[in-house]
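Asks: I'd like to go over a predicted model; first the sequence, then the structure.
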Amino acid sequence: MRSVRSDVAIGWDDRILAAHTLPHYMQSTTWEQIRSGGQWEVSRRSLGIDRDLPVLTFERNARGFGTLQHLPRVSGLAPADIPGLTECIRAERGAAFATKIEVHQPRDDTLVAAFESNGWLPTRASQYRHAVVVETALSEEELLAGMKKRARGEIRVAERNGVIAGRVELTEENRRRMLDLVRETEERTGAFFRGSGYLERVWSAFSEDDRGRLYFAWHDGRVVAGAFVARYGRNAWYKDGGSLRDRPQLQASRLLQWEIIRDLAASGIERYDLGHVPPPGEPDAPGQGILTFKSAFARDVLEYMPAFQLSHEECAEAWRRGEGEFLAAHRARTGDYWY
């Protein structure tokens, strides 16, 4: 059964990796497998432009509105592509009342204008818009030189404190340890994490497809920090992480990320996305500690394209304006994120 799915997977992933400029794991067969069979219906499509640009399309019923069509983390788009893409989506929307697209490319005002001139409206993003990205196709000396002084100093502090870090297998015991770290971090910081069953399913799927790695940091034989990293093509993402509350002075998380960077670089990964940070120009935005920690690994914060919605039915505008309230009500009712 597994080999049959793998045979199918080869063709689709090759197309994604060849056509997308920043291929994202949300367009992979691994993510397709994770999402299939749940609330989301997943389909494979090709956008209506003058070359092959395959995308995974996700559809889900939004109670009170109808079916929302979602295209997450698509890349490889130029302004000239948007008229054909728009025509294709309108023609093949099925029962969707609206289509949301989230373009996984650095912000480009010309591309923004192309979306807007073809009837797309800005909407709430389901994925983070600002991130710290480490270009890992460099020597260790160049990687260290690209960091801020703070990061290099904290790596040395961790080493002097006797912290060690490295990759581990995703065994049952290590999954439990990682979940404990995540839950302790959730309790300490108030950060939102998906349920344990969901996290374990994601970690297992990526590991089985050789697209995920678990890393731990230890001190005196005790696991004090952990991170799960997703990989797709030559890109990687800091997916989930956690640490113990009683050992911040060890700087274990700093050394853990440095060892991840070294391991990814040695594996041929060229780009490591450390994930969400608040906009650097908004000092009152929550998450300033995350920004301070992650931005020490690279000089700049990357801004991705905004999300856009193409409306197909009259109710679409009410959804666009009220999506935040809808998501908050869903989380209050279920304890989970709708997307």
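Replies: Done, it's in. All figures in this text were calculated on a predicted structure; none of them were measured in a lab.
Asks: longest helix of this structure?
Replies: Among the segments of the chain that qualify as a helix by DSSP state H, the longest is helix 315-334.
Asks: mind listing what's buried in that one?
Replies: Ala316, Trp319, Arg320, Glu323, Phe326, Leu327, His330 (16 or more other C-beta atoms under 10 Å). C-beta: built from backbone N, CA, C; applies to glycine.
Asks: Just give me the closest of these to Thr123.
Replies: Arg320 (5.1 Å; C-beta to C-beta).
Asks: Distance check, the closest one against Phe97.
Replies: From Arg320 across to Phe97, the span is 10 Å (C-beta to C-beta, to the nearest Å).
Asks: pLDDT below threshold where in the stretch 101-250 of the chain?
Replies: 247 (pLDDT under 70).
Asks: so where do the strands sit in it?
Replies: Using DSSP state E, counting those that start in this stretch, the strands of the stretch 101-250 of the chain run over 121-123, 130-135, 164-168, 212-219, 222-232, 235-243.
Asks: For Ser311, which non-adjacent residue is spatially closest?
Replies: The spatially closest residue to Ser311, leaving aside those adjacent along the chain, is Ala98, at 5.1 Å (C-beta to C-beta, 6 or more residues apart in numbering).
Asks: picking up where we left off before, tell me, what's touching Arg320 and Phe97 both at once?
Replies: Overlap between the contact sets of Arg320 and Phe97, as judged by C-beta atoms under 8 Å, 6 or more residues apart in numbering, is given by Ser311.
Asks: got a pLDDT number for Asp7?
Replies: On pLDDT, Asp7 comes in at 45.
Asks: Can you report how many residues lie near the nearest residue to Leu170 once chain neighbours are set aside?
Replies: In space, and not counting its chain neighbours, Leu170 is closest to Ser207: 4.5 Å by C-beta to C-beta, 6+ apart. Residue neighbour count, defined by other C-beta atoms under 10 Å, stands at 18 for Ser207.
Asks: Check the spacing between Ser207 and Gly226 real quick.
Replies: The value you get for Ser207 to Gly226, if C-beta to C-beta is used, is 14 Å.
Asks: okay, and the common contacts of those two?
Replies: Where contact means C-beta under 8 Å, 6+ apart, the residues bridging Ser207 and Gly226 through contact with each are Leu214.
Asks: Remind me what whichever strand or helix holds Leu68 packs against, helices and strands.
Replies: With secondary structure defined by DSSP states H and E, Leu68 is part of strand 66-74. Other elements packing on strand 66-74 under the criterion 3 or more C-beta pairs under 8 Å, 6 or more residues apart in numbering; DSSP states H and E are strand 54-62, strand 96-103.
Asks: ok, residues contacting the first one?
Replies: Going back to what we said before, that points to strand 54-62. Against strand 54-62 from outside (C-beta under 8 Å, 6+ apart): 12, 15-16, 19, 26-27, 31-32, 35, 39-47, 67-72, 74, 94, 96, 319, 326, 338.
Asks: for the closest residue to Gln249 other than its chain neighbours, what are its contacts?
Replies: What sits nearest to Gln249 in space, not counting adjacent residues and going by C-beta to C-beta, 6+ apart, is Asn161, at 7.7 Å. Contacts for Asn161 (C-beta under 8 Å, 6+ apart) come out as His219, Gln249, Leu250, Gln251.
Asks: can you tell me how far Asn161 sits from Leu121?
Replies: Applying C-beta to C-beta, the value for Asn161 to Leu121 is 51 Å.
Asks: How about Ala227?
Replies: As it turns out, when the distance is counted by C-beta to C-beta, Ala227 lies 37 Å from Leu121.
Asks: Which one's more surrounded, the two?
Replies: Taking Ala227 and Leu121 together and counting by other C-beta under 10 Å, Ala227 has the greater number of neighbours (24 against 15).
Asks: count of neighbours near the residue lying closest to the more buried one once chain neighbours are set aside?
Replies: With C-beta to C-beta, 6+ apart as the measure, Gly241 is the residue that lies nearest to Ala227, at 4.2 Å, once sequence neighbours are left out. Other residues within reach of Gly241, judged by other C-beta under 10 Å, total 23.
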